[in-house]
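Undergrad: Predicted coordinates and the sequence they were generated for:
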Amino acid sequence: TGSSRPQRMLKAVQKNATKGDPKSVISAIDYYCRHKEWAMNVGDEKGLILDSVLTEVNPSTALELGTYCGYSTVRIARLLSPGSKLITIEFNPAFAAVARQIIAYAGLQDKVTLVEGPSGDLIPKMKERFGIKSFDFVFLDHWKDRYVPDTKLLEDCGLLRKGTVLLADNVICPGAPEYLKYVRNSPRYESQYYKSNLEYTKVEDGLEKSVFLG
Ligand SMILES: Oc1cc(-c2ccc(F)cc2)cc2cncnc12
Ligand SMILES: [Mg+2]
């Protein structure tokens with residue numbers, strides 16, 4: 001049996017990036033996925049929008065749903081202020097194993113806690129396990145049919161506070177129509193769409209930013 005796409009991506013990082021240099025890890029993955037083999041990272045175009053929202057929020061506690069190989073984990077963690085924490089949840093153990101190595105290669109392991117398992121089971125455990133009062137920022141980038149239930153779960157577990165920013169990937173492609181309806185029609189969110197393109201392609205996609213109003 002051969003290697004997997006995540007394993008080939010890790011090899012590309014180890015070959016082309018500089019250990020401890022997050023920027024070089026991001027560039028190595030973007031180069032590999034644009035020129036060698038497409039993969040479902042948020043990518044460099046939507047990544048710039050993620051960077052700008054993150055810089056604006058400057059979260060002390062951040063949550064990522066859907067780690068995959070850790071590309072957006074590295075994008076987020078590299079911009080966190082000292083002492084800030086990112087918790088990232090990944091359901092697929094093979095993805096998580098690669099992500100741990102990519103996050104460590106970037107030298108960001110001290111800012112990131114990667115938790116393996118279903119987000120629906122882990123979200124209610126955030127307070128007791130990680131001493132989280134509430135999240136300042138949430139990046140939704142996992143299975144699209146989990147966006148609404150997990151957002152409701154975050155509300156019900158008291159993990160969102162007035163001003164928490166949710167940023168959701170793929171609201172156009174593959175699409176999260178129920179999520180868009182939910183956050184755009186709810187009086188508890190102020191939403192804004194950032195038009196962009198599906199990673200490494202010319203296909204339209206976008207990010208939806210939603211501020212929780214409490
Ligand atoms: O950014 C993403 C893109 C795609 C995807 C796959 C196939 C295709 F044709 C188009 C888009 C799937 C994702 C699943 N989880 C998280 N993020 C994803
Ligand atoms: Mg995505």
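TA: On my side now, so go ahead. Ligands and ions are numbered 1, 2, ... in the order given.
Undergrad: mind listing what Lys19 touches?
TA: Applying CB atoms under 8 Å, 6 or more residues apart in numbering to Lys19 gives the contacts 105, 107. Backbone N, C-alpha and C define where each C-beta goes, glycine included.
Undergrad: what about it, helix or strand, and which?
TA: Assessed by DSSP states H and E, Lys19 sits outside every helix and strand.
Undergrad: Which parts of the chain are strands?
TA: 61-65, 85-90, 112-116, 135-140, 160-168, 189-197, 204-212 (DSSP state E).
Undergrad: Determine whether any part of the fifth one lies close to ligand 2.
TA: No. Contact between strand 160-168 and ligand 2 is absent, the nearest approach being 9.1 Å (criterion: CB under 5 Å from the ion).
Undergrad: tell me the angle that strand makes with strand 135-140.
TA: Angle, strand 160-168 to strand 135-140, by axes from the mean of the first three to the mean of the last three CA atoms, to 10 degrees: 30 degrees.
Undergrad: elements contacting strand 160-168?
TA: helix 43-57, strand 135-140, helix 147-156, helix 177-185, strand 204-212 (3 or more CB pairs under 8 Å, 6 or more residues apart in numbering; DSSP states H and E).
Undergrad: Which residue comes closest to Thr55 once chain neighbours are left out?
TA: Using CB to CB, 6 or more residues apart in numbering and skipping the chain neighbours, the partner closest in space to Thr55 is Leu79 (6.3 Å).
Undergrad: Return the residues in contact with the one you found.
TA: 51, 54-55.
Undergrad: how close does it sit to Gly163?
TA: Counting by CB to CB, to the nearest Å, the gap from Leu79 to Gly163 is 18 Å.
Undergrad: do Tyr189 as well
TA: In terms of CB to CB, Tyr189 sits 11 Å off from Gly163.
Undergrad: Need the residues touching each of these two.
TA: 211-212.
Undergrad: Those two - which one has more neighbours?
TA: Neighbours per residue, other CB atoms under 10 Å: of Tyr189 and Gly163, the larger number sits with Tyr189, 19 against 12.
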